[in-house]
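*Asks:* I would like the atomic coordinates for the input below:
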Amino acid sequence: MSRDKKKNLRVFLSYSMEDKASGNRVKNLLSRRPNVRIFTNEMLSAGEDWQSKLKEELSNSDLFLVMLSPNSFASSLVLQEIGAAWGTNKPILVSGTNIDLLSRIPVSIKKSQFINLDELAEPEKLDKILEPFEKMESADA
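*Replies:* I've put the predicted structure just below:
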């Protein structure tokens, strides 16, 4: 499938605000792909009904990507987003530098894949990671 014929991929990116620098790095890496649309909770506007917006964006996403760190386990919002993604059967990618953190997630994530953050910086590895999700039917198709 050629790059220009791939469907748009809607990614819900979840991370702790304490990990904002890493979150922005991942968001920038994903943004280089013309068919990827990214949502983070930083995109919420002041005064917006943020709970409804988060539910809508998660529901419309094709892929949930959570960045695990010790900070993410201290963030009730990240934990809620993980639970919501699990509850809606979204494909879940877990990114971080320590796979042992995966065992600390409070729900059983069977449809998840752990990727090291450094893999996202390599275009050919990022292509390989995202390709299966780009071929899936879109949530809004």
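*Asks:* Confirm residue 25 sits in a strand?
*Replies:* No. Looking at residue 25 with DSSP: H, G, I helix; E, B strand; the rest coil, it is helix, so not inside a strand.
*Asks:* Can you name every helix or strand that the helix or strand of the chain with the lowest mean pLDDT contacts?
*Replies:* The least trusted helix or strand in the chain, going by mean pLDDT, DSSP states H and E, turns out to be strand 112-116, with a mean of 71. Strand 112-116 is packed against strand 92-96, with contacts defined by 3 or more Cβ pairs under 8 Å, 6 or more residues apart in numbering; DSSP states H and E. Bear in mind the C-beta positions are built from the backbone N, C-alpha and C, glycine included.
*Asks:* neighbouring contacts of the strand it packs on?
*Replies:* With contact meaning Cβ atoms under 8 Å, 6 or more residues apart in numbering, strand 92-96 is reached by 26, 63-69, 82, 85-86, 102, 105, 109, 111-117, 120, 129.
*Asks:* Could you check the pLDDT of residue 12?
*Replies:* Residue 12 carries a pLDDT value of 92.
*Asks:* Find the nearest non-adjacent residue to it, please.
*Replies:* Using Cβ to Cβ, 6 or more residues apart in numbering and skipping residues adjacent in sequence, the residue nearest residue 12 is residue 61, 4.0 Å away.
*Asks:* Got phi/psi on that neighbour?
*Replies:* Dihedral angles of residue 61 (phi, psi; degrees, to the nearest 10) stand at phi -80, psi 160.
*Asks:* Enumerate every residue touching it.
*Replies:* The contact partners of residue 61, by Cβ under 8 Å, 6+ apart, come to 10, 11, 12, 39, 90, 139.
*Asks:* Could you give the bridge partners of the residue nearest the centre of the chain?
*Replies:* Using Cα atoms, centre = their mean, the residue of the chain that lies closest to the mean C-alpha position is residue 65, 1.9 Å off. Residues in a beta bridge with residue 65, per DSSP bridges, are residue 13, residue 93.
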